[in-house]
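**Student:** Next come a sequence and a model predicted from it.
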Amino acid sequence: MLYRTGLYAVIPGIWLLLYGTGILSGGAFSVPVVPVMGMCFVALGAVTVFCPLAWSHWLLAAGFGGLHLIFGAIIAARYGG
């Protein structure tokens, strides 16, 4: 829908927001740090919605690459993987 209407700049932010809400929902049944990761994705998605499309690759990399690495290391250290 966003693509068809030409709202290309908000697609990366919406993607991060939706992924974050999925992590928040699934995190209710996981270790306590997982919902925090979901909140970080939601926050990054909210920022990304208002940023130019040229920044989207870096913000998506920060989210899907950086946040997963950071929280993966935290989960591995605290909960044994």
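**Tutor:** Nice, thanks for sending it over.

**Student:** So the residue nearest the centre of the chain: helix, strand or coil?
**Tutor:** When C-alpha atoms, centre = their mean is applied to the chain, the residue found nearest the centroid is residue 41 (2.8 Å). The local conformation at residue 41, judged by DSSP: H, G, I helix; E, B strand; the rest coil, is helix.

**Student:** Once you drop chain neighbours, what's closest to residue 19?
**Tutor:** Leaving aside its sequence neighbours, residue 19 sits nearest to residue 41 (C-beta to C-beta, 6 or more residues apart in numbering; 5.5 Å). All C-beta spots, glycine's among them, are computed from the backbone N, C-alpha and C.

**Student:** now swap in residue 79 and tell me
**Tutor:** Nearest one to residue 79, counting by C-beta to C-beta, 6+ apart, is residue 31 at 5.3 Å.

**Student:** likewise residue 20?
**Tutor:** Using C-beta to C-beta, 6+ apart, the nearest residue to residue 20 is residue 41, at 3.0 Å.

**Student:** just residue 11 next, same as before
**Tutor:** Nearest one to residue 11, counting by C-beta to C-beta, 6+ apart, is residue 2 at 5.3 Å.

**Student:** What is the neighbour count of the one you found?
**Tutor:** Residue 2: 12 surrounding residues under other C-beta atoms under 10 Å.

**Student:** And for residue 60?
**Tutor:** Residue 60 has 18 nearby residues by other C-beta under 10 Å.
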